[in-house]
Every structure is written in structure tokens, then in C-alpha cells.
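# how does the following fold in three dimensions:
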Amino acid sequence: MNTFLLEIVTPERLVYSKQVNSLTVRGANGELGILPGHIPLVTPLQVAPLTVKSDGVSVTIAVHGGFVEVHKDKVTVLAESAELPKDIDVERAEAAKERAQRRLQTRSKQDEIDHRRAELALQRAVTRIKVSTGKGQQ
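Residues are numbered from 1 along each chain as shown. Model (predicted):
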């Protein structure tokens, strides 16, 4: 067995479904490489690109939180949102990055929640930019 089924699912749709050779994700405790026959596990995901290798070709996908669930012959990524490189609007991501950076620089007496939201918005924007420009390769 040199492949496993990878499905990336969001609340809205099935983003990706294919037999793959490997998957690299950034979990709560760092990077995790998954190969066929990996032991079963479930772990939360960070906002970060994931890399899929299939038939010698690497594809990077922007994943914005969620979980990865590994079974013997199938891996499911349950993501809050996920985007393929072709679906990313780079100009919009750059604008979101700039807005988030401005919010983080204005250290007024804003709520801690607003600060965390800006940090997450910045992470999502940077992830989108990396994936769309091909710089998200692990």
C-alpha cells in the first residue's frame, strides 16, 4: 500500500478528495508527516499550509484551523475553511494582511478578543499568500 485516500472537508463542501502518497500538516504540536499505514490519530490543526504529495507532484493547500483524523487507509481533514491555490484572490489576501497588521500595531485599550481576531486574520492572509505564490511548500 503506497497511497491513502485524503479528503479535505469544510462545512460548505468537499475541497479535495484523492489517493495520495503523503501529507504534511502543522498540528498543535508542530509539523506532522503522514504516510500510508500511519497509526490512527486525531489532532487539531494550526492555520497553516498543508502539503500533499501524489504521483511525484506536490500541492499546497491553505487550511484555516480544524482537525486531521488519520485511519489506516484514509485521512480526513475537517477544516474551518480550506483553499486550493487557484481559488485564492492574492490581492484580497494582501489587503487583509495589511488591515490585520494595522490593527495589531494600534495598541490602544482594545479588547483582547479583537487582538486575537487580528492575529488570526493575519495568519489566514499569510497562509493564503504563501499557498498562492507557491512559497507554502514544506
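# every contact and neighbour count from this point should use C-alpha atoms.
Will do.
# hang on, residue 131 in a strand?
No. Residue 131 is assigned helix when assessed by DSSP: H, G, I helix; E, B strand; the rest coil, not a strand.
# got a list of what it touches?
Counting by CA atoms under 8 Å, 6 or more residues apart in numbering, residue 131 makes contact with 49, 60-62, 84-85, 137.
# from those residues, which land in helices?
Secondary structure defined by DSSP state H assigns none of the contacts of residue 131 to helices.
# find the centremost residue of this structure, please.
residue 63 (2.0 Å; CA atoms, centre = their mean).
# thinking again about what came up before, out of the contacts of residue 131, which is nearest to residue 96?
residue 62 (15.1 Å; CA to CA).
# find the nearest non-adjacent residue to the closest one, please.
residue 49 (4.5 Å; CA to CA, 6 or more residues apart in numbering).
# quick one, what contacts that neighbour?
25-26, 60-63, 127-128, 130-131, 136-137.
# ok so, going back, partners of the residue nearest to the centre of the chain in the sheet?
Beta-bridge partners of residue 63, counted by DSSP bridges, are residue 48, residue 82.
# pretty sure it contacts residue 78?
No. Contact status for residue 63 versus residue 78: not in contact, 9.5 Å apart, counting by CA atoms under 8 Å.
# specify the local secondary structure of residue 92.
Look at residue 92: counting by three-state DSSP, its state is helix.
# return the distance of it relative to residue 98.
Separation of residue 92 from residue 98 (CA to CA, to the nearest Å): 10 Å.
# what's the answer for residue 27, then?
26 Å.
# neighbour count: those two, which is higher?
A direct count of neighbours by other CA atoms under 10 Å for residue 27 and residue 98 places residue 27 higher, at 21 against 15.
# count of neighbours near residue 32?
Residue 32: 15 surrounding residues under other CA under 10 Å.
# that's a helix at residue 122, yeah?
Yes. With three-state DSSP as the criterion, residue 122 is located in a helix.
# hmm, residue 36 is touching residue 2, no?
Yes. Here residue 36 reaches residue 2: they are 5.8 Å apart, a contact under CA under 8 Å.
# okay, and the common contacts of those two?
Taking CA under 8 Å, 6+ apart as the criterion, residue 36 and residue 2 both touch residue 21.
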